[in-house]
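Visitor: would you be able to build a 3D model of this:
(chains A and B)
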Amino acid sequence: MEPLTWTGSISFLNPVLMIIIAALAVAIAVWIAIGLLDAVSVINIEGDTATLSGPAAFNELVKTGILYVFYALVAVVLAYLLLGVVMGTNAGIVGAISYQFSSVWVALILLFALSMAFKRRLGLYGKLYDSPIGMIGFGIVMFWVFVGIFGAMDMIVTHDPLSQVSGMKNKVPGTPLRNIEDGQYAWYLLGGDNLARDVFSRMVSGAWIVVQIAPLATLFAFMVGITLGLPAGYYGGRLDTFLSFLANLILAFPVILLFYLLVTPEIIATGVPNYMAAVLFIFPIVFIAVLLNSRYYTRPNFRTPLLTGVLGLAIWLYLALISTKGYVINNDQTTIPGLPTVLDPFDIPGGILVVFVSVVFVNSPTVFRIVRGLALDIKTRDYVAAAQTRGEGPWYIMLWEILPNARGPLIVDFCLRIGYTTILLGTLGFFGLGLPPESPDWGSTINEGRKLLSIYLHPALPPAFALLSLVLGLNLLADGLREESLKD
Amino acid sequence: MGLFILRRFGVMLLTALCLTFVVFFLTNLYPNLEKLAKTQGNQRMSDEQVANWLENRGYSQPLLIKYGQWLGVAPGFTNTLSDGQVVGNCIRPGIAPEDAPNFCGVLQGEWGQSTVFKDDVGAIVSKRLGNTGYLMFWVLVLMVPSALIVGVLAGMKEGSILDRSLSTFSIITTATPEYVSGVIFIAIFTSSTVGLKWFKGTATSAMDNPTFENFFLPVLTISLYGMGYIARMTRASMTEVMTAQYIRTARLKGVSFPNIVMKHALRNALIAPFTVIMLQFPWLLNGVVIVETLFNYKGFGWALVQAAGNNDIQLLLGISVVSVFVVLFTQLISDIGYVYLNPRIRIS
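Guide: Presented below is the predicted three-dimensional model:
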């Protein structure tokens, strides 16, 4: 087998791409220069509708130019990807990767087409498609989500992310395998790392770890933060002082020190994370119970079966989540029996549970502070006073009057916080905490790759760019959502 | 104001006490002590030997007593081993056991002995803090002015070309954690494959002889991540000020644009970023740990990693006290500074 070049037989596109990138760079430089001059010299009073002349006309020209060059860039990139999907490995590494990602492209196109078609009926999510920035961000995020999901379904990865192939240690991208067995993919698309594992497959599998943990951990942190923050803001007084003190206490810890204290094998052996999981995971149940009860308590015939069903399910999930092999905690000192193994549908590996718990623990005080601040602000509004006059209970007011009206900032923060959680997960991996050392998560891979960085670039850079783009996508998405939600 | 500061100091002390107790509790869990015993004594000790080792050195006392000893409110532990060696937390090499003081805790100014570095914790922490302080100084010198300039330029005219491009820049920097940007910088500027050998990939030599070549990349890596956030806050504050009535008045009476920005807007727009910069310190502390590990610069963050990795109880406690005080002190300064900078609050 021949080693793959980056673009293979579609390399005729490379000069085109170079020219377009150079043109874009020049245009943007001119644009920024105009902007600088413009900002200093022109006084622009609101509602100023002066006719375009001289510099302003030139400005428009540059703007249109940039737009066209940008479209050309997108077209060329799409051509690379499309030719890649059609030609596979003939189109070099880029083509082969694009071919591997085919399922992701299909899913993305379907998602965008459907959402665009029905965007007027989709509320805030539909409005996202009015903002280009939000759309780009959402596209990047969904790209990684699909990569994670399809990667876990074995549709993308070319090799097992943990297996080592002899002779592939630190090999550059596109190196063919020495002895190809039947059904084995013939190349290491992004090269091999210092243990001769496939960098591309590890990057794809790393996406699945992030997609599994980050949104869920953020959701749990929000449940904890909301359940504690709403009463703290609404009631105020001693409760507020106490909870705020606790939140500040956790926030005063440097995150990394906290991780080092919580996520070590010794601490896992004592079961401290399991206790923390048992406490933290109660909050979602409390949240759901109070949410439903405060709404429907006037209709007991409906409420009682609803609550029994929902809470039954939630408590079963809770027990399944915190118990492993029939025990909540099972070590030398203490043994707490949990859900019997027969009823336990899934066991969470110890490492993942600890990472999950510590990330929730670190995030929830910040969410608490945000929710508390919003509750303090919103509780002075007239509609809250109206609800109080109607005689609604405090929890109804908090969860059905205050919380829906705080949703804008909370949704935006949710997106940003998933990004922050992704960064935290990377930090954990970077220090080798929590997940097993051979795990393909991005932080661990970056940490391994950085040791030989001065000689071999390829093992460390793909996960680094993957993490960067996902977090960037989430930030852009949050920006788009903020813009759109302000328009109401 | 005096009462306010006093109360804040009270809360600060209480927080520090709670936090050190949490650290103390977690580091004194039995598996951690077992690890300590095995790294200090012998890797192949049996469970019984471990228990003995811990018993002899006072690690098996009740938690509260040990915490009291560390604080210096309970008399220090001493014990004579079977071979005649006297051990205890007040015994120091070079001082006869009889002369050792009875109390030796934080209140007496004794921070204990580090088990990893075999040295006094106070000395280690102050030396490492010195290194980190130097790093932080340059980070602030680079980060604060550039963040403010980016934020003010972007916020002068909301939605302008300049605003768009600078905002994109700040979003990208906030989305790049230190371990990503650091790796990318090392790859681009130091590796032999790219060929631009402009900087050095490690900052070890920067501890004795900091030069632009070996010190710029760590500084840049920390500053970039913090910069985006401050710039965005400054931009938000600046756009808010630029729509205020007094700016419109100034425009209508014909003040030139640079003058409006410099004399009228800037001072009011910089109140909020000041708070943000101060509250950014705890985050910088995280960045410091990552960057010092990445660039092998032996400062405070590096010491934290070493202490935590080896369960060095006394050193960890010392480090957490320092970091807690950094965090709470910056909060205090930001509160006081906010009151001082904002004339509406200051005068009323």
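
Visitor: and residue B:21, that's in a helix?
Guide: Yes - assessed with DSSP: H, G, I helix; E, B strand; the rest coil, residue B:21 lies in a helix.

Visitor: what sits against the closest residue to it other than its chain neighbours?
Guide: What sits nearest to residue B:21 in space, not counting adjacent residues and going by CB to CB, 6 or more residues apart in numbering or on different chains, is residue B:67, at 6.2 Å. (C-beta placed from N, C-alpha, C; glycine too.) Residues counted as contacts of residue B:67 (CB atoms under 8 Å, 6 or more residues apart in numbering or on different chains) are B:20, B:21, B:24.

Visitor: residue B:67: which element?
Guide: helix B:63-71 (DSSP states H and E).

Visitor: do residue B:197 as well
Guide: Residue B:197 belongs to no helix or strand when assigned by DSSP H and E.

Visitor: give the buried residues for stretch A:80-88.
Guide: Buried residues in stretch A:80-88, counted by 16 or more other CB atoms under 10 Å in any protein chain shown: A:80, A:81, A:83, A:84, A:85, A:87, A:88.

Visitor: what about it, distance to the chain center?
Guide: With CA atoms, centre = their mean, to the nearest Å as the basis, stretch A:80-88 stands 28 Å off its chain's centre.

Visitor: one more: stretch B:21-37?
Guide: Distance of stretch B:21-37 from the chain centroid (CA atoms, centre = their mean) equals 23 Å.

Visitor: quote the end-to-end distance of that stretch.
Guide: 21 Å (CA to CA, to the nearest Å).

Visitor: what does stretch A:155-163 give?
Guide: Its start and end residues considered, stretch A:155-163 measures 17 Å (CA to CA).

Visitor: buried residues, that stretch. List them.
Guide: Neighbour-count burial for stretch A:155-163 [16+ other CB under 10 Å]: A:155, A:156, A:157, A:158, A:159, A:161.

Visitor: hmm, the helix ranked longest in chain A touching chain B?
Guide: Looking across chain A with DSSP state H, the single longest helix is helix A:199-235. No - using CB under 8 Å from any CB of the partner chain, helix A:199-235 never reaches chain B; the gap is at least 13.1 Å.

Visitor: and for stretch A:18-33?
Guide: Yes - contact of stretch A:18-33 with chain B (CB under 8 Å from any CB) involves A:28, A:31, A:32.

Visitor: about what we covered before: and the next helix or strand after the helix holding residue B:67, which strands flank it?
Guide: Per DSSP H and E, the first helix or strand lying C-terminal to helix B:63-71 is strand B:78-80. Strand pairing for strand B:78-80, determined by DSSP bridges: strand B:86-88 (antiparallel).

Visitor: mean confidence for the strand it pairs with?
Guide: For strand B:86-88, the mean pLDDT works out to 72.

Visitor: which residues touch it?
Guide: B:56, B:57, B:58, B:76, B:77, B:78, B:79, B:80, B:81, B:97, B:100.

Visitor: may I see the buried residues of that strand?
Guide: residue B:88.

Visitor: partners of the helix or strand that that strand is followed by, with directions?
Guide: The element immediately downstream of strand B:86-88 (helix or strand, assigned by DSSP H and E) is strand B:113-114. Partner strands for strand B:113-114, per DSSP bridges, with pairing direction: strand B:119-120 (antiparallel).

Visitor: centre of the chain to the partner strand, how far?
Guide: The answer for strand B:119-120 is 21 Å, by CA atoms, centre = their mean.

Visitor: list the residues that contact the residue in the stretch 1-150 of chain A positioned nearest to chain B.
Guide: Nearest residue of the stretch 1-150 of chain A to chain B, counting by CB to the nearest CB: residue A:35, 3.3 Å away. Contacts for residue A:35 (CB under 8 Å, 6+ apart) come out as B:160, B:161, B:162, B:165.

Visitor: out of these, which touch chain A?
Guide: Counting by CB under 8 Å from any CB, the members of the contacts of residue A:35 near chain A are B:160, B:161, B:162, B:165.

Visitor: just send the residues you listed back as TSV, with neighbour count, pLDDT and secondary structure too.
Guide: Listed next are the ones next to chain A among the contacts of residue A:35 as TSV, based on neighbours: other CB atoms under 10 Å in any protein chain shown; pLDDT from 0 to 100; DSSP: H, G, I helix; E, B strand; the rest coil:
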residue	neighbour count	pLDDT	secondary structure
B:160	20	76	coil
B:161	21	76	helix
B:162	24	80	helix
B:165	17	83	helix
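
Visitor: quick check: buried residues in the helix holding residue B:67?
Guide: Residues of helix B:63-71 classed as buried by neighbour count (16+ other CB under 10 Å): B:66, B:67, B:68, B:69, B:70, B:71.

Visitor: also stretch B:100-116?
Guide: B:100, B:103, B:104, B:105, B:106, B:110, B:111, B:112, B:113, B:114, B:115, B:116.

Visitor: can you tell me which of those residues is closest to chain A?
Guide: residue B:116 (13.6 Å).

Visitor: so, low pLDDT: which residues of the chain?
Guide: This is for chain A. A:38-56, A:326, A:331-333, A:350, A:488 (pLDDT under 70).

Visitor: hmm, I had chain B in mind actually
Guide: B:84, B:89, B:92-99, B:345-348.

Visitor: and the lengthiest helix in it, what other elements does it pack with?
Guide: The longest helix of chain B (DSSP H) is helix B:121-156. Under the contact criterion of 3 or more CB pairs under 8 Å, 6 or more residues apart in numbering or on different chains; DSSP states H and E, helix B:121-156 touches strand B:113-114, helix B:161-174, helix B:212-242, helix B:266-269, helix B:271-279, helix B:281-295, helix B:300-309, helix B:313-341.

Visitor: buried sites along it?
Guide: So, applying 16+ other CB under 10 Å, buried residues of helix B:121-156: B:121, B:124-125, B:127-129, B:131-132, B:134-136, B:138-140, B:142-144, B:147-148, B:150-156.

Visitor: got it, and stretch A:225-237?
Guide: A:225, A:226, A:227, A:228, A:229, A:230, A:231, A:232, A:233, A:234.

Visitor: residue numbers of the stretch 101-250 of chain B in contact with chain A?
Guide: B:153, B:156-157, B:160-162, B:165, B:171-172, B:174-177, B:179-180, B:183-184, B:186-187, B:190-194, B:201.

Visitor: and these, which of them are buried?
Guide: B:153, B:156-157, B:160-162, B:165, B:171-172, B:174-177, B:179-180, B:183-184, B:186-187, B:190-191, B:201.
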